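1. next input, structure requested:
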Amino acid sequence: KLISLLAGFFFAIHPYIIQNSLHIHYDGAVFAFFSTWYLFLAYQKIINHQNRWQDHLPLATIFFFALFVKYDPALMMLFIVIVFSLIKWIPFLKKLLISTTISSFLFFGLFYLYNAAFNHTEAFLLPFAWINQVVSGKLIAFVTNTPSLSLWANNYYLLIRFLSWLTIPFILLAIYTFLIIFREKNLKKAPGILFLSLWFFTFCIAYLALGWSGDFPRYFAPAMTPLFMLIAVVVRRHITQFKKQVTSKTLTLVFILASSIIFLLEKADYLFSDRITGWIPYLQIPFFGLIVLGTFLIVLAITNRSKRILLITLLILLSVNFYQFTTQYLHDLKSNYSLTNFYGYGGYREAGNFLKNEIGDENAIVLTFDPVAYYWKGKFLDYNLFGPLSKRDNTIIINYLQDDKIAAIALPKIYSDELAALSQNYGLNYQKLLAEKFKNHRNFGGQKGIDVYY
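-> Take a look at the predicted model:
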């Protein structure tokens, strides 16, 4: 129970895994639920040798609904159960495969009827075509000796986005966990640890190796449950084992130290105010540098024979991790654009809905960025893809403005000021353009909200 509570706590305080899933990408949150339910239930039945047909019925039912949510992670969670069954109890496999096959055919039949009802029978083959396209694309590129840089570019970008959203303190806490598991034989051989590790690495390796699903961390949501559980197992084990090694005075000092680290980093504007995020190219070196330095210190602590040092290291990692999230939430409340204020503070929804009602024509092009565009639902030119930190050609925005292709502009003041300064380099008077071509102005969200010119 304590391990489950700890894992739930880690999940609850993590701002990105939950917020990103719930705001615009519901499949991530929903499939985290389905995979957790299915895999833990399967684990329980394999370990307890429960192999009646009525034991397989709930698994087949969950798998049936999971296919409707997202077919590729559904296949991965089935793969995890098959491999674990091969390792721990092979007799479970026969009924698992039979019940899953029946469940799958029932899904395919209903899926076909659904598409046929809307005269889109060709859509029935899209899931299979998509998997084939992704896998064969990678394999063909590998066989034909495509340059490794282009072959793995998308995979690297997916990895750096995934790590960035996990945050540096959480990555270090995960590294600590896996090193402890590798060091302690009784943990390494435990069926539960094996199952959770198989679960975590199956999803991560599949997505990273194949570049399966674009660049959004939401696709890793099913891998978060086992990661949180693995961390919780190690945390609970070490705190109960070593609690006599550390006094309350030491705990207080550790707490103050961790708080000071967070305070100084936040004041320096280096770490927790979205300044070191690995998906920004010129910040990737410091991003990885901090991870390497933290890993080196963790290795020193783990190889040290002192239980006191080992526990203090764990407590520092936990404290920094907790306060990092607290600081991130506070930062996001004041931020122009963040996941945790996606629905309110910035006025994104109000601005997007206003554009939809005022402009009306979805073919009209709006210069904005993705949270507003999500509610606008029409064509848009994404400002963030052409910002000064990007290597892309900023003349695209300027040309669209000069050629009168933009029907409206919906940006926060900080972006508008940036665009005004940028336009001078191209001989464009941005303020004059606003006065002449976009005579109407509305503000949503106040000083840090969205200004709409139309």
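2. what helices or strands is the helix or strand containing Thr101 leaning on?
-> Assigned by DSSP states H and E, Thr101 belongs to helix 92-117. Judged by 3 or more Cβ pairs under 8 Å, 6 or more residues apart in numbering; DSSP states H and E, the packing partners of helix 92-117 are helix 26-47, helix 53-69, helix 71-88. From N, CA and C alone the C-beta is placed, and that goes for glycine too.
3. to Tyr426, which of those lies closest?
-> helix 26-47 (39.4 Å; Cβ to Cβ).
4. now that closest one against helix 92-117, angle please.
-> If you take axes from the mean of the first three to the mean of the last three Cα atoms, to 10 degrees, helix 26-47 sits at 150 degrees to helix 92-117.
5. for helix 26-47, what is the distance to the chain centroid?
-> 18 Å (Cα atoms, centre = their mean, to the nearest Å).
6. other SSEs contacting that helix?
-> Counting contacts by 3+ Cβ pairs under 8 Å, 6+ apart, helix 26-47 packs against helix 15-23, helix 53-69, helix 71-88, helix 92-117, helix 191-210, helix 221-242.
7. where does pLDDT dip in the stretch 301-450 of the chain?
-> 328-346, 386-393, 446-448 (pLDDT under 70).
8. and the strands in it?
-> Shown for the stretch 301-450 of the chain, the strands assigned by DSSP state E, counting those that start in this stretch span residues 365-368, 380-382, 406-412, 441-444, 450-453.
9. residues contacting the third one, please?
-> Same thing as strand 406-412. Contacts with strand 406-412, where a contact means Cβ atoms under 8 Å, 6 or more residues apart in numbering, come from 336-337, 346, 351-352, 355, 358-359, 361, 364-369, 372, 376, 381, 383, 400, 416, 419, 434, 438, 448-454.
10. and the spatially closest residue to Ile298 that is not a sequence neighbour, how far from His238?
-> Residue nearest to Ile298 in three dimensions, not counting chain neighbours: Tyr176, with 5.1 Å by Cβ to Cβ, 6 or more residues apart in numbering. Using Cβ to Cβ, to the nearest Å, Tyr176 is found at 10 Å from His238.
11. and if you look at Ala408?
-> 56 Å.
12. same question, Tyr71
-> As judged by Cβ to Cβ, Tyr71 and His238 stand 39 Å apart.
13. circling back: which of the contacts of strand 406-412 are buried? Put it as a ChimeraX command.
-> Typed into ChimeraX, the line below selects the buried ones among the contacts of strand 406-412, using 16 or more other Cβ atoms under 10 Å:
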select :336,337,346,351,352,355,359,364,365,366,367,368,369,372,376,381,383,416,419,434,438,448,449,450,451,452,453,454
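14. the contacts of strand 406-412 in helices, which ones?
-> Within the contacts of strand 406-412, residues falling in helices by DSSP state H are 351-352, 355, 358, 372, 376, 400, 416, 419, 434.
15. identify the farthest-apart pair in the residues you listed.
-> Glu358 and Leu419 (21.1 Å).
16. what's near enough to touch Asp55?
-> Asp55 neighbours (Cβ under 8 Å, 6+ apart): 45, 95.
17. what's the pLDDT at it?
-> Asp55 carries a pLDDT value of 90.
18. can you redo the helices and strands packed on helix 92-117 as JSON lines with distance to Pro191?
-> Output for the helices and strands packed on helix 92-117, formatted as JSON lines (distance: least, Cβ to Cβ, whole Å):
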{"stretch": "helix 26-47", "distance to Pro191": "6"}
{"stretch": "helix 53-69", "distance to Pro191": "18"}
{"stretch": "helix 71-88", "distance to Pro191": "6"}
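19. coming back round to it: wait, which of the helices and strands packed on helix 26-47 is closest to Ser4?
-> Distance to Ser4, taken as Cβ to Cβ, is lowest for helix 221-242 among those, at 7.4 Å.
20. only alpha carbons, please: show that closest one as PDB.
-> Extracted in PDB, the C-alpha atoms of helix 221-242 (Å, rounded to 0.1, in the frame of the first residue of the first chain):
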ATOM      1  CA  ALA A 221       2.200   8.000 -20.700                       C
ATOM      2  CA  PRO A 222       1.800   4.100 -20.500                       C
ATOM      3  CA  ALA A 223       5.500   3.900 -19.500                       C
ATOM      4  CA  MET A 224       5.100   6.300 -16.600                       C
ATOM      5  CA  THR A 225       3.100   3.900 -14.300                       C
ATOM      6  CA  PRO A 226       6.000   1.300 -14.100                       C
ATOM      7  CA  LEU A 227       8.600   4.100 -13.700                       C
ATOM      8  CA  PHE A 228       6.700   5.600 -10.800                       C
ATOM      9  CA  MET A 229       6.300   2.200  -9.200                       C
ATOM     10  CA  LEU A 230      10.000   1.200  -9.600                       C
ATOM     11  CA  ILE A 231      11.000   4.500  -7.900                       C
ATOM     12  CA  ALA A 232       8.500   4.000  -5.200                       C
ATOM     13  CA  VAL A 233       9.800   0.400  -4.500                       C
ATOM     14  CA  VAL A 234      13.400   1.700  -4.000                       C
ATOM     15  CA  VAL A 235      12.300   4.800  -2.000                       C
ATOM     16  CA  ARG A 236      10.200   2.700   0.400                       C
ATOM     17  CA  ARG A 237      12.900   0.000   0.800                       C
ATOM     18  CA  HIS A 238      15.700   2.500   1.500                       C
ATOM     19  CA  ILE A 239      13.800   4.700   3.900                       C
ATOM     20  CA  THR A 240      12.600   1.700   5.900                       C
ATOM     21  CA  GLN A 241      16.000   0.000   5.900                       C
ATOM     22  CA  PHE A 242      18.100   3.000   6.700                       C
END
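21. for the record, mean pLDDT for it?
-> 84.
22. report the buried residues of that helix.
-> For helix 221-242, the neighbour count (16+ other Cβ under 10 Å) marks 221-239, 242 as buried.
23. and that helix, how far from the chain's centre?
-> 19 Å.
24. heads up, I number from 23, so please use that
-> Got it, first residue is 23 now, which makes that one helix 243-264.
25. after that helix, which helix or strand is next?
-> Assigned by DSSP H and E, the successor of helix 243-264 is helix 270-289.
26. packing partners for that following helix?
-> Judged by 3+ Cβ pairs under 8 Å, 6+ apart, helix 270-289 is in contact with helix 329-356.
27. and the helix it packs on, what other elements does it pack with?
-> helix 37-45, helix 190-205, helix 243-264, helix 270-289, helix 306-325.
28. about what we covered before: nearest to Ile69, of the strands of the stretch 323-472 of the chain?
-> Among these, strand 402-404 comes nearest to Ile69, with 48.8 Å by Cβ to Cβ.
29. which other residues reach the closest one?
-> 387-392, 394-395, 418-419, 422, 428.
30. mind doing that once more with 7 Å?
-> Strand 402-404 has contacts (Cβ atoms under 7 Å, 6 or more residues apart in numbering) with 387-392, 395, 419, 422.
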